[in-house]
Each structure stands twice: as C-alpha cells, then as structure tokens.
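S.K.: sequence unknown, structure follows:
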C-alpha cells in the first residue's frame, strides 16, 4: 500500500507541476523537462551503473536501453506537455482517466496479462473518481484553449 500511495502522490505532483510549467507554453515545458531528466539521470544513474556495466559490451542491449528510455520517458512526457499546454484541465483529466483502461488492454494484447476482478474493480474506481470529480472553479480550469482565449464568457 505504501508504494501505491507514494506513486499516487508523486503522480499528482507531476500533474500539478506539469500544468504550472505548461502555462508558459509547450516549448518552455519541454526544455524544463529535458533539464529535469538530466538532473534525474545524475541522481539515478549511480544506483544501477555497476549492474549495467555488463550490458555496455553488447551494442544491441545499449540500443534497446536507449529505445526504452525514449519510448517510456521522452515521448510520453513531451506529449503530456503538448497536451497540457493546449487542453483544458478537464479534457486532460479525461485522457488520464482512460489510461488505466488502455494500459490494461495493451497488457492483455501485448503481454497476455489477464486482469483479475480486483484489478478491473480498481481500474473502474480510478476512472469513476476522475469522471465524477468537479473542480471548485470550473471556469478557471477550462479556459486553456489552443489559442489562449477564454471561450466561457461567450
């Protein structure tokens, strides 16, 4: 439970900070994302460096590691920054609500991981929680449009 709660707290922090960073536009957010990843690399790299030394002798493993890093970190975070800078928070939240279901479908198709009834209930609870949440000030959260205009006053 500790790790699940910690993951949830850190994910909320990522979303809140991501929205703050994206308020200045996607390009600024992507630059700051690159800096954050470089800093994370400096702190995380020593943890697994000695275990990974063996892999540096096999070019296919190095290339696979780079591909995993790009596909699991760079692409999704850049897409998040682009979406956060263009979509209202409610639309972004809807996309986040779909993540557990899409991840489950991919897990079934690609990895043959069949979810249990408990897993499906958990996914449904997450999606329901996001779907029924209503912000205190809806106009403040929905004024982020692609051109930056507030269309709620129309």
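M.R.: Happy to help now that I have it. Remember, it's a predicted structure, so these values are computed and weren't measured experimentally.
S.K.: Going by the annotation, which residue ranges form each domain of the protein?
M.R.: 1-86, 88-154 (automatic domain parsing).
S.K.: Mind telling me which of the ones you listed the model trusts least?
M.R.: Least confidently modelled of the domains of the chain is domain 88-154, at a mean of 73 by mean pLDDT.
S.K.: following the lengthiest helix in the chain, which helix or strand comes up?
M.R.: The longest helix of the chain (DSSP state H) is helix 26-52. Where DSSP states H and E defines the elements, the next helix or strand beyond helix 26-52 is helix 59-69.
S.K.: For that following helix, list every residue counted as buried.
M.R.: Buried residues in helix 59-69, defined by neighbour count with 16 or more other CB atoms under 10 Å: none. (Glycine included, C-beta is placed from N, CA and C.)
S.K.: Would you state the helices of this protein in chain order?
M.R.: Going by DSSP H, the chain shows helices at 2-22, 26-52, 59-69, 75-86, 89-111, 117-132, 138-141.
S.K.: counting contacts, what elements does the first one pack onto?
M.R.: Using 3 or more CB pairs under 8 Å, 6 or more residues apart in numbering; DSSP states H and E as the contact test, the elements touching helix 2-22 are helix 26-52, helix 75-86, helix 89-111.
S.K.: Also compute the angle for that helix relative to helix 26-52, please.
M.R.: Here helix 2-22 runs at an angle of 140 degrees relative to helix 26-52 (axes from the mean of the first three to the mean of the last three CA atoms, to 10 degrees).
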